[in-house]
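A.B. asks: Predicted model and sequence below, questions to follow.
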Amino acid sequence: MTNETTRTIEGEYEIDPGVPTSPSALAVHVETGGLVAAPEFVLGEAQKAAAALKRVIDSKPKRVSFGGETYLELEDWELLGQFYGFSVRVEWSRPIEHGAAKGWEARATLLDRAGNEVGGAESMCLNDERNWKGKDTFSIRSMAQTRACAKAFRQRLSWIPVLAGYKGTPSEEMPAPEPPPPPKVEVVPQIDEETRVLLEKHVIGNEAKRNEVREWMRSHGYPTPKVFYERVTNEEAMETLTLVGFDPFQILTEKGR
C-alpha cells in the first residue's frame, strides 16, 4: 500500500519514499546508516504491542516483582513473541562446572514465521545459586533452558516491555532476594534493678572468682555476661551470689540499702 509519506515493501516494512526497494540497494542503504522503516510507524506498532502486553501482565494475580519493578516470565515473552511471529527452540543443553559449582547451560534459537533463525542466546543455572541449592538435576537443567529461551526473546524484544513500563530483563535471570532478617525480639530482664546491681558488683566484677563464675554461666547456657543479664532468673541470680560467698541474709541486706 502506498501513500504520500510511506510505502510497504514485501508487505512487511512501511518506509520513507526515499528508501530503495531493490535488495542490493536497500542493503547499502542500511549499511550506511539509513532507516529501514519510518520511526513513527515502528513506534506506533510497538506501542500497540506494549499496551496489549500491559493489559495481560497487569491482570495476572501474581506478577514477578523485585524492588517494586515488574519483570516478565518466559510465558510473557512467548506471548510477546507471538505478536511479531517469533518462536523459540532449545538447541542444546549440557552439564557444566563453574569453580566448585555444578549445573547446566543451554542455548535457545529465536525463529521467525518462516523458521529462519533471527536470534539466540545461551544461559546457565548452577547449584550454588540461593534458589537452586540442593535441587534435583532435572530442575536445574530445565531452568537453564527456560533462561536461554527467555533471553533469546529478550535480545530482540526487550524494548517493548520497557515501553510498557516493565524491566527488560527476564525474571528468571534475577537473583533470589535476600531472606528477610529475623524479627527483633525485645528482651525484658527477668530480675529487678537492685538484683542486677548486686550481680554486676559482686558476681561479674569479682576477679577472685572470675573463672568460677564464667564456668557457671557457660554451664547454664550463658555465653557472655550480657546474655546472662538479659536472661538470668531470680533463682539463678541468688545461686550466683551464693557462689561468690553471699548468704540469703546478706543479699536482702544489700538490696535494702
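C.D. replies: It's in. Numbering: from 1, shown residues only.

A.B. asks: drop to CA atoms for contacts and neighbour counts, all remaining ones
C.D. replies: Fine.

A.B. asks: Need the per-residue pLDDT for Lys255.
C.D. replies: Looking at Lys255, its pLDDT reads 57.

A.B. asks: Oops, could you answer that again for Ala46 instead?
C.D. replies: At Ala46, the pLDDT value in this model is 92.

A.B. asks: was I right about it contacting Ile160?
C.D. replies: Yes: if you go by CA atoms under 8 Å, Ala46 and Ile160 touch, sitting 6.2 Å apart.

A.B. asks: what about the two, which has more around it?
C.D. replies: Ile160 (23 against 20; other CA atoms under 10 Å).

A.B. asks: what sits against Glu91?
C.D. replies: In this structure, Glu91 makes contact with 106-109, judged by CA atoms under 8 Å, 6 or more residues apart in numbering.

A.B. asks: if we can go back for a sec, what residues are shared contacts of Ala46 and Ile160?
C.D. replies: Between them, Ala46 and Ile160 share no contacting residue, judged by CA under 8 Å, 6+ apart.

A.B. asks: what two of the contacts of Glu91 are the furthest from one another?
C.D. replies: Across these, the longest distance by CA to CA is 10.3 Å; it joins Ala106 and Thr109.

A.B. asks: Out of these two, name the residue with the larger neighbour count.
C.D. replies: Per other CA under 10 Å, whichever of Ala106 and Thr109 has more neighbours is Ala106, with 25 against 22.

A.B. asks: isn't Ile160 right up against Ala49?
C.D. replies: Yes: using CA under 8 Å, Ile160 is in contact with Ala49, at 7.1 Å.

A.B. asks: For the stretch 101-250 of the chain, give me the ranges with low pLDDT.
C.D. replies: Scanning the stretch 101-250 of the chain for pLDDT under 70 picks out the ranges 185-190, 204, 246-250.

A.B. asks: Mind listing the residues bridging to Glu117?
C.D. replies: Note on Glu117: beta-bridge partners by DSSP bridges are Leu111.

A.B. asks: got a list of what it touches?
C.D. replies: Counting by CA under 8 Å, 6+ apart, Glu117 makes contact with 109-111.

A.B. asks: Name the residues contacting each of Ala106 and Thr109.
C.D. replies: Common contact partners of Ala106 and Thr109 (CA under 8 Å, 6+ apart): 90-91.

A.B. asks: Which stretches in the stretch 1-150 of the chain count as strands?
C.D. replies: Here the stretch 1-150 of the chain has its strands, by DSSP state E, counting those that start in this stretch, at 7-9, 13-15, 64-66, 69-71, 87-98, 101-111, 117-126.
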